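Student: show me the folded form of this:
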Amino acid sequence: MQVIVHTGAHYTDEERLMKCLLKNKQAFSDLGVAVPGPGKYRKLLRQTLIAMRKSAADPDAREVLLDAILDEETADRVILSNTNFFGAPRAAVRRGKIYPAAAERMSHFQQLFPDDEVEMFMGLRDPGSFLPAIYKESPKDELHDFLDGADPRELRWSNTIRDIKEANPGISVTVWCNEDTPMIWSQIVRDMAGMEPFSEIEGAYDLLSDIISPQGMARFETYLTSHPAMTEVQRRRVISAFLDKFALEDEIVEELDLPGWTDALVGELTDIYEEDVLEISRMPGVQLISP
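Tutor: Numbering: from 1, shown residues only. Below you'll find the model as predicted:
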């Protein structure tokens, strides 16, 4: 079986991806792809992975999990999603790393499915906005304490991905930048489902409809109807153009109000992030979905 796990990151798609997958549940099921509701597995899987910190899983753990997850459904591929897969936001940064428990958590997950093909999917986010967002969920009074003394300029997504791959070389990893998600939404969903390029999915523009004006969305739908033969690259350029003209500023611009968090620092973090993503794209066994 192919076991797909979407691991967040926090404050990227805000459960929109899970909702889109569930919209396509029946169509995917016809293709042998199961999209179980999160209530069937999130708590059970979390408890199992936590228990594995102390002892190995029971030999029949895989079958018990799949029985609960699939609920008698037959599938060759199953898609699981949990933004908190690597822990709660308050524990997202420790020892100078983003999601320091990620490599171990993926190792335990792979141990649960030793003979299956495990794939990990995760959206990344610019630390300039990601770190303030997760800090809001922290009990720490000071950002410095929340970051465990780390300089935000030293935090790298590439370190997290590298740790995961070194500990789990058999797991394929697919990542994308949250900032690009409106342009690549349908490809993310198709890749998670193992579908052919250009396959139709329901909710392909759900994210776009949340961040541009109703007028802009109406014009976009009209444009699609009048240009049915567009390639994927052309479609992404059109989405970008409509975002430039009709984006809802409140939905795409986040006000950052942290002591010492200057525009210059945010700009520096963005430059570092872009270089970091380029490094990730060069890692063996890692796919970067980009516009």
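Student: give the contact list for Arg125.
Tutor: Applying CB atoms under 8 Å, 6 or more residues apart in numbering to Arg125 gives the contacts Ala9, Tyr11, Thr12, Ala133, Cys177, Asn178, Glu179. For every residue, glycine as well, the C-beta is placed using N, CA and C.
Student: all helices for the stretch 101-250 of the chain, in order.
Tutor: If DSSP state H, counting those that start in this stretch is used as the criterion, the helices of the stretch 101-250 of the chain fall at 102-112, 127-135, 143-146, 157-167, 181-193, 206-211, 214-226, 232-246, 249-252.
Student: can you give me the buried ones in the lengthiest helix in the chain?
Tutor: In the chain, with assignment by DSSP state H, the single longest helix is helix 263-281. Of the residues in helix 263-281, those scored as buried under the neighbour-count criterion (16 or more other CB atoms under 10 Å) are Val266, Leu269, Ile272, Tyr273, Asp276, Val277, Ile280.
Student: same question for stretch 137-152.
Tutor: With burial defined by 16+ other CB under 10 Å, the residues of stretch 137-152 counted as buried are Ser138, Leu143, Phe146, Leu147, Ala150, Pro152.
Student: which strands and helices lie in contact with the longest strand anywhere in the chain?
Tutor: Counting residues, the longest strand in the chain under DSSP state E turns out to be strand 117-124. Secondary-structure packing of strand 117-124 (3 or more CB pairs under 8 Å, 6 or more residues apart in numbering; DSSP states H and E): strand 2-6, helix 102-112, strand 172-177, helix 181-193.
Student: sheet-wise, list the partners of it with their directions.
Tutor: strand 2-6 (parallel), strand 172-177 (parallel) (DSSP bridges).
Student: just the residues contacting the last one, thanks.
Tutor: Read it as strand 172-177. Applying CB under 8 Å, 6+ apart, the set of residues contacting strand 172-177 is 118-126, 157, 161, 164-165, 184, 188, 191, 277, 280, 285-290.
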